[in-house]
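**Q** return atomic coordinates for the entry below.
(8 chains)
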There are 8 protein chains.
Amino acid sequence: MVAQDVIVGPELRLDLLRRERTGIAETVYGPGKSAGQCATAVAGLLAGGSQGPVLLSRADDEQAAAALSTNPGGVRMPTADGLFLLAWRTCPPRPGHVLVLTAGTADLPVAREAAAVLSAYGCAPTLIADIGVAGLHRVLEQRERLDTADVVLVVAGMEGALASVAAGLTRAPVIAVPTSTGYGSGLSGITALLGMLASCSPGITVVGIDNGFGAACAALRMLGEPGRGDDVRD
Amino acid sequence: MVAQDVIVGPELRLDLLRRERTGIAETVYGPGKSAGQCATAVAGLLAGGSQGPVLLSRADDEQAAAALSTNPGGVRMPTADGLFLLAWRTCPPRPGHVLVLTAGTADLPVAREAAAVLSAYGCAPTLIADIGVAGLHRVLEQRERLDTADVVLVVAGMEGALASVAAGLTRAPVIAVPTSTGYGSGLSGITALLGMLASCSPGITVVGIDNGFGAACAALRMLGEPGRGDDVRD
Amino acid sequence: MVAQDVIVGPELRLDLLRRERTGIAETVYGPGKSAGQCATAVAGLLAGGSQGPVLLSRADDEQAAAALSTNPGGVRMPTADGLFLLAWRTCPPRPGHVLVLTAGTADLPVAREAAAVLSAYGCAPTLIADIGVAGLHRVLEQRERLDTADVVLVVAGMEGALASVAAGLTRAPVIAVPTSTGYGSGLSGITALLGMLASCSPGITVVGIDNGFGAACAALRMLGEPGRGDDVRD
Amino acid sequence: MVAQDVIVGPELRLDLLRRERTGIAETVYGPGKSAGQCATAVAGLLAGGSQGPVLLSRADDEQAAAALSTNPGGVRMPTADGLFLLAWRTCPPRPGHVLVLTAGTADLPVAREAAAVLSAYGCAPTLIADIGVAGLHRVLEQRERLDTADVVLVVAGMEGALASVAAGLTRAPVIAVPTSTGYGSGLSGITALLGMLASCSPGITVVGIDNGFGAACAALRMLGEPGRGDDVRD
Amino acid sequence: MVAQDVIVGPELRLDLLRRERTGIAETVYGPGKSAGQCATAVAGLLAGGSQGPVLLSRADDEQAAAALSTNPGGVRMPTADGLFLLAWRTCPPRPGHVLVLTAGTADLPVAREAAAVLSAYGCAPTLIADIGVAGLHRVLEQRERLDTADVVLVVAGMEGALASVAAGLTRAPVIAVPTSTGYGSGLSGITALLGMLASCSPGITVVGIDNGFGAACAALRMLGEPGRGDDVRD
Amino acid sequence: MVAQDVIVGPELRLDLLRRERTGIAETVYGPGKSAGQCATAVAGLLAGGSQGPVLLSRADDEQAAAALSTNPGGVRMPTADGLFLLAWRTCPPRPGHVLVLTAGTADLPVAREAAAVLSAYGCAPTLIADIGVAGLHRVLEQRERLDTADVVLVVAGMEGALASVAAGLTRAPVIAVPTSTGYGSGLSGITALLGMLASCSPGITVVGIDNGFGAACAALRMLGEPGRGDDVRD
Amino acid sequence: MVAQDVIVGPELRLDLLRRERTGIAETVYGPGKSAGQCATAVAGLLAGGSQGPVLLSRADDEQAAAALSTNPGGVRMPTADGLFLLAWRTCPPRPGHVLVLTAGTADLPVAREAAAVLSAYGCAPTLIADIGVAGLHRVLEQRERLDTADVVLVVAGMEGALASVAAGLTRAPVIAVPTSTGYGSGLSGITALLGMLASCSPGITVVGIDNGFGAACAALRMLGEPGRGDDVRD
Amino acid sequence: MVAQDVIVGPELRLDLLRRERTGIAETVYGPGKSAGQCATAVAGLLAGGSQGPVLLSRADDEQAAAALSTNPGGVRMPTADGLFLLAWRTCPPRPGHVLVLTAGTADLPVAREAAAVLSAYGCAPTLIADIGVAGLHRVLEQRERLDTADVVLVVAGMEGALASVAAGLTRAPVIAVPTSTGYGSGLSGITALLGMLASCSPGITVVGIDNGFGAACAALRMLGEPGRGDDVRD
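**A** Below is the predicted model of the structure:
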């Protein structure tokens, strides 16, 4: 098992073969790391011999600047609260149509993180925002897109009902992403999470609260890698 | 404050003026009472000089038999799990159109308790069952009924999304009743309760889990009493 | 289904027919929107051809200023924590008497939000503050108001007992609004919420924690619209 | 520290000096013990040289029979669900007026356990049942009793609001006992417990759910022992 | 929207086009239905003109017998606790390799429900049981199967760690199914559910506790339907 | 019921007879009030004709200064986090010995609030800090004080075990006050709260988390008022 | 990695090298297995070539009889609720002194399971029952045993305070085992669990609720295996 | 029991014999103490006649400076968030090999606190960071270290699966430390805590969330003190 990891100082252990094993390369998660550690980790992954995108997620301004200065050529995409997803060595466009729906405007930062990850892997999604079920016609207007999508991400806070409604209108896999938007009885996303798990529409799967990154990774697993024999459908 | 109550033995205190004060007479709640106590309490309320329906809720076979034997003329309506709502001195039909919707078949017992209480007060509702949002057209087919209802009760377990969808399609007050149906992540009704409270559709109000009785009482408060100056709208 | 929505940029989708469908127009919710987005959304709703009030809720100073500058003629009402409800094209006074009670002084911001929404729809309520049940005579002094109200809102934190007591003294619908006031065992409103849902007074309905806006919408649904055949009581 | 305990077989260790230390003798708790163990434990306490009552709580028919057969002279008082409190060597009547209030009929078993313990210690309480705040006049009728009580126990499930109301009408210490009565949103007593802890009436103290025994012990601590210098007030 | 549903009596509304819309036909859920209702519902779905499997889930002996007697030709597959999945008009074998892993023997009933649903749709999975991470070599032995699977279901209770480990060893989508096995701190599946949602392995999605049925439906969505243009990968 | 209240502006309703009814005067709770409101409320209570202490709790520097400037003669006692209890018209010393114990140094602010309220009512307590059960001899050293106290307050965070231990060593009523000190598994006081409610020592009563004020009020109720016939013991 | 496991039918996978890897052999957990599966699994472990004890835990009468009939020579030890721990090929006595303390009699079944596992591994513990902190002298009497024990297990429900007190009196590792005994606020062991985790006595570790088996395994890890170089202390 | 404590002012009570009783001296916990109190407490412990290390934990810059100025010769070790562990009179190196593993980089502050405490007691651990189970080979690479360790600490947030995996690969006691790292469904450490308690690997014990200090103390208890007869193994 030689050369699987690069150990950067005593505290970072880069899993270079993760892309090979799981389809998705190790991503540097910004929070809790110094700007220097971010830059070094990105450099290690770029130099490691592994292929495909290198991502730095939830980076603040300082981390982003340091990482880009050390590693030129990265793309910087805003997600939420002044944070960014940075991507180096992004993939060329690939087939596979992902539809990202949000119930409200406040769910956009989580949706944007998912969209940025998908884009870095060559799979730019269609993002339709603000179609919560209080105005049902807004969902119904998306029926054709729902019919033809390969994967549907539903990003919603509050009671998360959009996931149930959308899943009843599509044959595609539906990945529900609960968000912590709203206040009071939304319980910071717990209500949406529970509602999505208990949905009356069969075949929904769920990721953690605000986990746009994880939802994108799940979508990539479902799409498989073009030109490789590992796609879901034989 | 004389004669407000009838005290039946040391343990029952019948609030005879509750109908006068709140529009809804004191109801005898079966669980935890002996068959004899049920019969005596009903008799006390019938004899107490107060007007309007006398109800015995969640009665089992033995309680129902005892109460009907002591107090002839009662109506016996099945609700759930072999339990009954019994009603004496029911009201004549009155105006006011209540629409009771359920998401699934399993929500029917709670809906039936609400319907039985409403019927005892002269307000037989329209009950439409099994129209959960996984098959959205089933809700959309009820749009006309939703348009013309005076009050809408939505009885739903699991994620309770029907409440949000229905409230977006009606001007009537919507009373959401979470039910404990389902298993696992429905958390015995907590998930539906939270979802209804956090709904993205403004103007929904919620009652406790499985509380069909309370939902009916709330609907009666909203309808007001015919011929009395206390209806909601002046 | 043409012209139901105005799409403002890629991220705002204004539901112009919501007033027609539900009696209450789409409201712009300030948090998470830029000042410019707030101003644009208000402008879109005003221009959309729909009738009735246009509201911007929980706006901070900057959002309020931008929205008023772009859309002159709005009314600015303080609610809580330096936030405002802004209203354009408010309704003329209409019949219907809403009584808003608070248990303590700390519940006032939530009560004020409810009152501001009601006022914008022409239904200025009577607001009685600081009558918690520790001094029961304060509630009892309101008995006449409770007798004659069309709808009662009870805004309370801590244990929320005022809702149970008030509901025992009125025939009107009672909408209970739990608040997150207090500390420790109040659990940021969970305690009041649970207490109101489990109330021994039948016929209470509940909205989410601190949801003064939702409570006002529910009250408006109950009152119905004057001159339209959709009021609750036929 | 010799002779403090009697060790009955390998599994029972009787704390003979607990009465001396705390005013309340060790009580044999029935559940989980064999009928023989119950009988032996009672015998050990009676023989142990300590003074005052010996109690066996929550005993079923078989445990009660065995204990009474081995230890004649015990008094058997029904509490709930076919269980009993048994008492030997009960105290003569003593001064101190305890008022036990219940919100509903379903709270009676817990109230009866408290009353039985108090009676065994010579302090037979006044028990007033079924005066929940939905019919407020029922509480108000007890104002004189509340004025003159030395200790007030409030036994209530659902939202437990009776504790707040009663505490606003008395100078006596108020011990609130949440009960697990009710269903759904009462959460088996959690709602009442939280409501009592968060009460707006200052000076309420609370015991565990359904803990009538603990409430009685607390009341006895507050009353102190007649003729001993340890009463609360000097 | 005619002929979408068959309404069987007042309480069953069969959604005949659900297979067309979502790929998965409406399934009759046994609990809470009478044996007769089960039989009638299956008959309605078989007669409804829709294609593909008709399933009756979590049926007990009596329900199964009634349904099979009315509708001959069904297959009866044991799942858990004396319950069965019954299937009529099952699909012929189709491509797509689903791997179902369980952490322990106690997770088998949930895994069997998933496997039975998949089999009815023509996609008999490989089921590998009892490979929890306490003996890590058992997972490692499955590396080749993990490499070649199209979809992986991980069924696990307790802490659910198998999902994280398996997801690190495969490029396939991983659907994690928390189970309520175990006692104490497993909190009836909540612990496994939370652990799977918070997993350090990116790209896991989760369904509700014990929801083998939902997991199978999600897998079917991911596989797409052979010969139809709706498979995930273009 | 005239003259019970003083209404100060539209938002403050001072309950002047609360001292008469409950032994404890209405206290002005600082948080959420302006400095001016605090000053006015104190003035209203001082002028209201009621007797005994007037308290302003959890006041910050500005509130304290305003209240003292408008109402000279107040005493200012630090409690926690830069907040103060202010007291006017304090009582002369009275009999009754209250012992206040804390488990750790971090529990002192809550203990100090309790002590300050007791002092204002003439009942200066003995405060013994930092005697948690990890060093059991520290509790045992207080055995004599525990023997002679009239009321014992135990203020503790973390697991709150000091309450159980102290209650086993005294005949006095024990009021347990859970605090939110500590981190992680202390769950901001929930752990201590639950532990105190479930204590194996019979006769403990509990107040809300960090509620030193409520604990002091409960102690005052237990002590009764000197010279009045309402003390607990006859 | 050949011969690590024995696969018994399709559903049992016996981890033969677990003893070698972790010091504790795989144990057959009875619940959810048929009597035949239990017997077969035990036989497989006995035949597997691994050394040391073979255990069958939480077996009912039927499982125990089948396992003993197929595999003679097993020892049957009662634990709780009519269940048994069965052990074959038990170890000879070994050094290492484990002290098992219980707070109450009701905690004994959990303590007995721990003791039975320890005995099977040659390490018969000293079991001292019913020494809860309400009678503190009972703990203090065990000081010498606490001083000399190598490992201390504290088995306690309710508030679990015994763990904190015992840990303050010993240098040995303290393993706290929360139990689900008690009712109401004990929350089926959650209260004890949280209290033990938040203990003010440093160095306590905790296992899951009612997990006597796990506590024994942890104790065995701490003692190390005699004659092998893996004991904790070098 | 003379001279057990030093009382420093009215609010600090130093337990001088805690080292003698439990092997671990009383540690000064910084939060909530003034810089002066920290300095005084350290001085009191140093002067108290007790032997072994004196620690000040979670000290900020000001507290650290004051303590070091008053008590020269202390060692200052960074832990987390700008806080420090300070140690005076540290122990010389002693035998006993502790292995500290972390799942991610974000778990390092908690691991560092544990390592610092161990080092002060002479037992410098081996710290291996960032070996979470998503890249399983990273754990497997540590098999030899796991084989030879005397105690293993596993510090992990998110789902905490590393504890289960590591415990399956070692005979040593495993102390699991859940951390509050991560967001959303990690629930600030609750998820990891529950997962570790419910682990399928027998013999894991757990400490409170983020409690690196407690984990180190537990490890020290397990190692025993060199040259004293209290080590775990006889």
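
**Q** look up how far residue A:36 lies from residue A:70.
**A** 9 Å (Cβ to Cβ, to the nearest Å). Where C-beta positions appear, they are placed from N, C-alpha and C, glycine not excepted.

**Q** between these two, which is the more surrounded one?
**A** More crowded of residue A:70 and residue A:36, by other Cβ atoms under 10 Å in any protein chain shown: residue A:70, with 16 against 13.

**Q** let me know the next secondary structure element after the helix or strand of chain A with the lowest mean pLDDT.
**A** The helix or strand with the lowest mean pLDDT-type score in chain A, counting by mean pLDDT, DSSP states H and E, is strand A:5-8 (a mean of 58). Of the helices and strands lying after strand A:5-8 in sequence (DSSP states H and E), the nearest is strand A:12-15.

**Q** adjacent strands (with direction) for that next one?
**A** Counting by DSSP bridges, the strands paired with strand A:12-15 are strand A:5-8 (antiparallel).

**Q** show me where chain A has strands.
**A** Along chain A, the segments classed as strands by DSSP state E run A:5-8, A:12-15, A:28-29, A:54-59, A:75-78, A:84-88, A:98-102, A:126-128, A:151-156, A:174-178, A:204-206.

**Q** flag the shaky bits of chain A, pLDDT-wise.
**A** Residues of chain A meeting the criterion pLDDT under 70: A:1-10, A:183-184, A:227-234.

**Q** what's the domain layout of it?
**A** If the domains of chain A are taken from automatic domain parsing, they occupy A:5-88, A:98-223, with pieces of a single domain joined by a plus sign.

**Q** for the strands of chain A, give me JSON lines that also has mean neighbour count.
**A** JSON lines is the format used below for these (neighbours: other Cβ atoms under 10 Å in any protein chain shown):
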{"stretch": "strand A:5-8", "mean neighbour count": "18"}
{"stretch": "strand A:12-15", "mean neighbour count": "22"}
{"stretch": "strand A:28-29", "mean neighbour count": "23"}
{"stretch": "strand A:54-59", "mean neighbour count": "25"}
{"stretch": "strand A:75-78", "mean neighbour count": "16"}
{"stretch": "strand A:84-88", "mean neighbour count": "24"}
{"stretch": "strand A:98-102", "mean neighbour count": "28"}
{"stretch": "strand A:126-128", "mean neighbour count": "17"}
{"stretch": "strand A:151-156", "mean neighbour count": "30"}
{"stretch": "strand A:174-178", "mean neighbour count": "32"}
{"stretch": "strand A:204-206", "mean neighbour count": "32"}
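
**Q** nearest to residue C:197, of those strands?
**A** Comparison of these against residue C:197 by Cβ to Cβ identifies strand A:174-178 as nearest, at 22.7 Å.

**Q** the closest one vs strand A:151-156, what angle?
**A** Computed with axes from the mean of the first three to the mean of the last three Cα atoms, to 10 degrees, the direction of strand A:174-178 lies at 20 degrees from that of strand A:151-156.

**Q** from the contact counts, what lies against strand A:174-178?
**A** helix A:108-120, strand A:151-156, helix A:161-167, helix A:190-197, strand A:204-206, helix A:212-223 (3 or more Cβ pairs under 8 Å, 6 or more residues apart in numbering or on different chains; DSSP states H and E).

**Q** between the ones you listed, which one is nearest to chain G?
**A** Proximity to chain G (Cβ to the nearest Cβ) singles out helix A:190-197 among the helices and strands packed on strand A:174-178, at 17.9 Å.

**Q** what's that closest one packed up against?
**A** Packed against helix A:190-197 by the contact rule (3+ Cβ pairs under 8 Å, 6+ apart) you find helix A:161-167, strand A:174-178, strand A:204-206, helix B:190-197.

**Q** go again using 7 Å as the cut-off
**A** In this structure, helix A:190-197 packs against strand A:174-178, strand A:204-206, helix B:190-197, with contacts taken as 3 or more Cβ pairs under 7 Å, 6 or more residues apart in numbering or on different chains; DSSP states H and E.
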